[in-house]
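1. Whatever this is, show me its structure:
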Amino acid sequence: MVDFSQVAEITLSYSAKVKAADRPRISMSSDIARFFRGVFPAEEIELREFFYVAFLSKANAVMGYLQLSAGGASGTVVDIKLLLGAALKAQAQAIILCHNHPSGNLKPSQADRDITRRILEAGKILDLSVLDHVILAPDGTYLSFADEGFLY
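-> Numbers count the residues shown, from 1 in each chain. Here you go, the predicted model:
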């Protein structure tokens, strides 16, 4: 006999605070960069690396975002299970990845490319599109994986 009082209940919830019609829509990489610049902690963007994910509806409206990690000056850890769990919880149809390079060098590292590829592969299994991965620099410039043809 199983004692169910010894098992945790798992609940799923998503609380939308903005009407669907009022959510910002993403149509190009400059929209992504502008959106995430408003989210990143401006006082730390050139000090340490952060990784964020935005969750989008089928109409490419931003449903919400999550700071997935905050790291050091040269890297941060991305937990794909946490990212996908949040996407499923939000019932997102697509996601956009974004992190910063405190150094200002916009060239994606091999680690940047590898994590993007792994997230793309995991997203395919869940029918979750990865629309872009944007790298922000402290000086206001950015690099879009989609624009550069790096999403494969």
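2. The residue most central in space within the chain pairs with what?
-> Of all residues in the chain, the one closest to the mean position by CA atoms, centre = their mean is Val53, 1.5 Å from it. According to DSSP bridges, the residues that bridge with Val53 are Leu66, Leu97.
3. pLDDT of the longest helix along the chain, averaged?
-> What stands out as the longest helix in the chain, according to DSSP state H, is helix 110-125. Averaged over helix 110-125, pLDDT sits at 97.
4. which outside residues touch it?
-> 75, 78, 80, 83-84, 95, 97, 99, 108, 128-130, 133, 135, 145, 150-152 (CB atoms under 8 Å, 6 or more residues apart in numbering). For every residue, glycine as well, the C-beta is placed using N, CA and C.
5. For the closest residue to Ala92 other than its chain neighbours, pull up the helix or strand it's in.
-> Distances taken as CB to CB, 6 or more residues apart in numbering put Phe55 closest to Ala92, at 3.7 Å, once the chain neighbours are dropped. According to DSSP states H and E, Phe55 maps onto strand 50-56.
6. what does that strand rub up against?
-> 26, 32, 35-36, 39-41, 44, 62-71, 76, 78, 83, 86-87, 90, 92-100, 131.
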